[in-house]
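In: fold the following.
(chains A and B)
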Amino acid sequence: MTEITLLTRDGVRLNVPCAPGQTVLAAAAAENLHLPAMCGSGNCGQCHAHVSAGGYEMGAYSPVVLPDAAQGGVLLCRCMPHDDLVVELPYDDASISRRAIPEREAVIESITQAGAGAVMLALQLRPDETLGSGADFIPGQYMEFTVPGTEIKRAYSLTNLPNWDGRLEFLMRLVPGGAFSTYLGTQAALGDVLHLRGPMGHFKLDEASPRPRVLVGGGCGAAPLVSLLRHMAEYQEWQPVYLVFGANREEEMLPQALLDELRAGLPQLRIIQAVWHPSQGWGGFSGTSAEALDALLAEGMESPDVYLCGPPKMLNAVRAVAVARGVPAEQIFAEQLAG
Amino acid sequence: MFCFQCEQTARTDTGAGCATAKGVCGKDETTSDLQDLLIYQLKGIGQYAHLLHQQGRPDAAADSFILYALFTTLTNVNFNRARFQEMIAEAARLRDRLQEAVGTRLAGPAAFQPANDLTGLLAQASIASVRAGLDAAGADVIGLRALVLYGLKGVAAYAHHAEVLGQTREAVGAGIAQALSFLASEPVDVEDILEEALALGRLNFTVMETLDAANTGTYGTPAPTNVRITPAAGKAVLVSGHDLRDLEAVLEATKDMGINVYTHGELLPAHSYPKLHAYPHLAGNYGGAWQNQQQEFAAFPGPVVMTSNCLIEPLPAYRNRIFTMGPVGWPGIKHLGHGDLAIVAQAAKALPGFAETAPEKTITIGFGRDAVLGAAETVIGAVKSGAIKHFFLIGGCDGAAPGRNYYTEFADAVPEDAMVLTLGCGKYRFNTHDFGTIGGLPRLLDLGQCNDTYSALVIAQALAGAFGCGVNELPLSLVVSWFEQKAAAVFLTLLALGVRNVRLGPTLPGFLTPALVNVLVNRFGVLPVTEAKADIAAAMGRAA
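Out: Alright, predicted model coming up:
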């Protein structure tokens, strides 16, 4: 490990640890210091800076954007320290972006039944002086709730889309004896104020990918997938898309109204409901979501992007199926929820 | 994937060009290949459109599609692969319609049938590569064809801006169709291609003249105007890009709501147009040139609207509050038409805006040809008396490369007895510095956007007339910074009009071979920039 000292033009000193082989830009980002940069490949010159002490190695770059290499000029996206470095930045501290995870208050607007053992919780964010009154998140992300009256934290994925009204929606599976589930079942009332932290999470759509999308979820795992599907509907994305939803019993299926809404927004959407312990009248797929995915991939399709969400055991089973059916690792996106 | 159209194209010892999964600009290889295919189709459409123009029955819808589609392939405009798939399908339908109108089936790009799916399209892409035919034709021919294509993109972009303001010219549609048809013929004669490039430069003069008429006809004659460059308290919207019509639409959608609209980048000149300046909520300019947008948009406390061009990857910090208009696009970013702008007002109200009014700082802009020629007597008098010894036009595109501080150094080192004219976002390298006055006039004159090179040329021609000499005999030096294809079009105009000793930087285009650079230097007098003080001395004919 080496230590990088960043000196801004207006005299602020920032210390950043740097692992072997890590670039200054990446090391700073890991400390939530996002330095001006653009191409990330040593070709545009936006991350230009000057090393005044310490040795380093430079990865490949375009010489025309580093005219002062011999005088210690560097491109931070390419600069890997050997020793402790002192780096002079050609801009003020204000140009460095630091992303803090917002802490917000939100008021309960409604709690609605959403299939057996699940509720749809709708919240209204209280306006924030710095952030405003909109609900800003990327579909697939989650919020961390503090269970009222405790220090216990529980994470729930957002089901709706970012909006300017400040509305947050969560599809929550009620876990008997669970901390937040108990609060919801016994205490929660409309108008209650909840403390949230977020949005957080890296489970997001690869927007640029043209591949078919297969979304697999079970139980509360459906929540972020609903947000992804609503996003696709809003942008009228037309690549093939499949939702494989697994539940123990038919009663735990997603509400029909929600399924109808999703189909209406995405005409090409195919929904496969997999019930593990179906009743006699069940006409859909009988089995786990992993088995349903296996059957779907066996039909043959262009190599898809697969988005998985659920508890660890389900996730592992589904991922194993995807891998066995030849889906490359970089096309598998997974969000693990509490078991 | 291969692209070498912009100034920041990847450069190694072996050559210039982006050939990896993602270009330096952020364009991915799929999008790049689809853009190549669309351009190939446009050549084919051009073949038919050229005939229709020659037969006196041009197809207005085809001419319009050509402009818009070419615009989407400029650097930093459209990164959305899905959009290009749609346009490729539309281009095929358009070609079919034109082929029916012409009545004969043409060969070459005109006969191209795009595949039905993405895999098929990507398999076809090599036919459309900018380097297709390199082995047979050689690098010089490929480079010259690229110069014509990239200049043509800039011409089309300017013509599109004029078209959205209701100004089209048959000669422009005809010229663009002819250029596309020329490229479709895969020309191999260097002198022929050079002549085509110069013809495009002359065409671009007409296009810039048309755009000037469109802008002034719609928004009035630009006048010297003071613009706030620090924010005022209140809700805020930021509008960037080039398009005055889209800015007007945003102003209409946000008026009388207590929302302030700020310009960014190349929309700074909007403030000088009386009908736009008349909007009381057009409050000022925020930030600088396009390459700083990630920091500037992240820090801006309201929604951002990117019109026409100069978008780079939106950061998560503002992904949900940036909107695109016109040819611009990024996957997952909301695209708006003129009827969709209520969401911009809604976003502005939901976002915090500026909490405080910052201390007021202003700059003066709006010295178009009317303002300058209106003061012609004063200017000519100052030159005759020796108060003004030289004029430097320092302008063009800005960018990120460290070498661009050449333009800051140049502008700051220009002697007190020389005047500085500027245009384009290159101005941000020095436009907040204090240049003082000269001969009773401001010593820094901001002429407007990059297309206002038209104004600069009209001024130069008028001064040449007044002094009874050619433009090249005036005490005038052009110091140009380029980045993308609008600049390429302007550059061709300068060459076509015989303007010599144009200093070009910060680097020379990666698509120009050493032989082509020699032609530009030896035949046209183009000078690569070197060091600011030396170049100033050389320009003024004094010892360094």
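In: may I have the beta-bridge partners of B:I394?
Out: Assessed by DSSP bridges, B:I394 has beta-bridge partners B:V479.
In: what about B:Y68, helix or strand, and which?
Out: Here B:Y68 sits within helix B:60-72, counting by DSSP states H and E.
In: what helices or strands is the helix or strand just after that helix leaning on?
Out: Heading C-terminal from helix B:60-72, the first helix or strand you meet, by DSSP H and E, is helix B:81-102. Helices and strands touching helix B:81-102, by 3 or more C-beta pairs under 8 Å, 6 or more residues apart in numbering or on different chains; DSSP states H and E, are helix B:29-54, helix B:60-72, helix B:118-124. From N, CA and C alone the C-beta is placed, and that goes for glycine too.
In: output the ones you listed in a markdown table, with mean pLDDT, distance to chain A and mean neighbour count appended to each entry.
Out: Below are the helices and strands packed on helix B:81-102 laid out as a markdown table (pLDDT from 0 to 100; distance: least, C-beta to the nearest C-beta, whole Å; neighbours: other C-beta atoms under 10 Å in any protein chain shown):
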| stretch | mean pLDDT | distance to chain A | mean neighbour count |
| --- | --- | --- | --- |
| helix B:29-54 | 98 | 7 | 24 |
| helix B:60-72 | 98 | 16 | 21 |
| helix B:118-124 | 97 | 5 | 15 |
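In: wait, what's in contact with the residue nearest the centre of chain B?
Out: Nearest to the geometric centre of chain B sits B:K486, at 3.2 Å (C-alpha atoms, centre = their mean). Contacts were defined as C-beta atoms under 8 Å, 6 or more residues apart in numbering or on different chains; by that measure B:K486 touches B:74, B:154, B:157-158, B:309, B:397, B:450-451.
In: nearest spatial neighbour of it, skipping sequence neighbours?
Out: B:G154 (4.2 Å; C-beta to C-beta, 6 or more residues apart in numbering or on different chains).
In: and that neighbour, what does it touch?
Out: Residues in contact with B:G154, defined by C-beta under 8 Å, 6+ apart, are B:74, B:204, B:484-490.
In: up against chain A, what does the stretch 151-300 of chain B have?
Out: B:291-292, B:294-295, B:298-299 (C-beta under 8 Å from any C-beta of the partner chain).
In: if you set the cut-off to 7 Å instead, what comes out?
Out: By the rule C-beta under 7 Å from any C-beta of the partner chain, the part of the stretch 151-300 of chain B lying against chain A is B:291, B:295, B:298.
In: count of neighbours near the second one?
Out: Going back to what we said before, that points to B:Q295. 22 (other C-beta atoms under 10 Å in any protein chain shown).
In: can you name the residues that contact it?
Out: Listed by C-beta atoms under 7 Å, 6 or more residues apart in numbering or on different chains, the contact partners of B:Q295 are A:36, A:95, A:97.
In: looking at these, which are in strands?
Out: Judged by DSSP state E, strands contain none of these.
In: export those to JSON lines and append columns for pLDDT and neighbour count.
Out: Shown next, in JSON lines, are those (pLDDT from 0 to 100; neighbours: other C-beta atoms under 10 Å in any protein chain shown):
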{"residue": "A:P36", "pLDDT": "95", "neighbour count": "21"}
{"residue": "A:S95", "pLDDT": "90", "neighbour count": "18"}
{"residue": "A:S97", "pLDDT": "89", "neighbour count": "17"}
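In: out of these, the closest to A:D294 would be?
Out: Set against A:D294, the nearest of these by C-beta to C-beta is A:S97 (43.9 Å).
In: against A:Y307, how distant is that closest one?
Out: According to C-beta to C-beta, to the nearest Å, A:S97 and A:Y307 sit 28 Å apart.
In: same check on B:D417?
Out: For B:D417, the distance to A:Y307 (C-beta to C-beta) stands at 67 Å.
In: so for the two, which sits in the more crowded spot?
Out: A:Y307 (26 against 15).
In: can you give the strand pairings for the helix or strand encompassing the more buried one, parallel or anti for each?
Out: In this assignment (DSSP H and E), A:Y307 forms part of strand A:305-310. Paired strands of strand A:305-310, with direction, are strand A:213-218 (parallel), strand A:332-336 (parallel) (DSSP bridges).
In: tell me, which of these is the model least confident about?
Out: Mean pLDDT is lowest for strand A:332-336 among those, at a mean of 91.
In: dump it to CSV, keeping only the CA atoms.
Out: The C-alpha trace of strand A:332-336 is given here as CSV (Å, rounded to 0.1, in the frame of the first residue of the first chain):
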residue,chain,number,x,y,z
ILE,A,332,-25.5,-12.2,-14.9
PHE,A,333,-26.5,-9.4,-12.5
ALA,A,334,-27.5,-10.5,-9.1
GLU,A,335,-29.0,-8.8,-6.0
GLN,A,336,-28.9,-10.9,-2.8
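In: mind listing what's buried in it?
Out: For strand A:332-336, a neighbour-count test (16 or more other C-beta atoms under 10 Å in any protein chain shown) marks A:332-335 as buried.
In: just give the number of residues close to residue 141.
Out: No chain in the question, so chain A it is. Neighbour tally, A:Q141, other C-beta under 10 Å: 21.
In: nope, chain B please
Out: Other residues close to B:V141 by other C-beta under 10 Å number 21.
In: output the set of residues of the stretch 101-250 of chain A in proximity to chain B.
Out: Close to chain B, as judged by C-beta under 7 Å from any C-beta, the stretch 101-250 of chain A has residues A:129-134, A:136, A:138, A:162, A:164, A:207-208, A:210, A:235, A:237.
In: list buried residues within those residues.
Out: A:131-134, A:136, A:138, A:162, A:164, A:207-208, A:210, A:235, A:237.
In: out of the strands paired with strand A:305-310, the one nearest B:L52 is which?
Out: Between B:L52 and the strands paired with strand A:305-310, the tightest spacing by C-beta to C-beta is seen for strand A:213-218, at 42.7 Å.
In: before we move on, the earlier item: hmm, which two among the residues of the stretch 101-250 of chain A next to chain B are most spread apart?
Out: Farthest-apart pair in these is A:E129 and A:P210; separation 41.2 Å (C-beta to C-beta).
In: helices of the stretch 151-300 of chain B, residue ranges please.
Out: B:170-184, B:190-219, B:244-253, B:274-277, B:293-299 (DSSP state H, counting those that start in this stretch).
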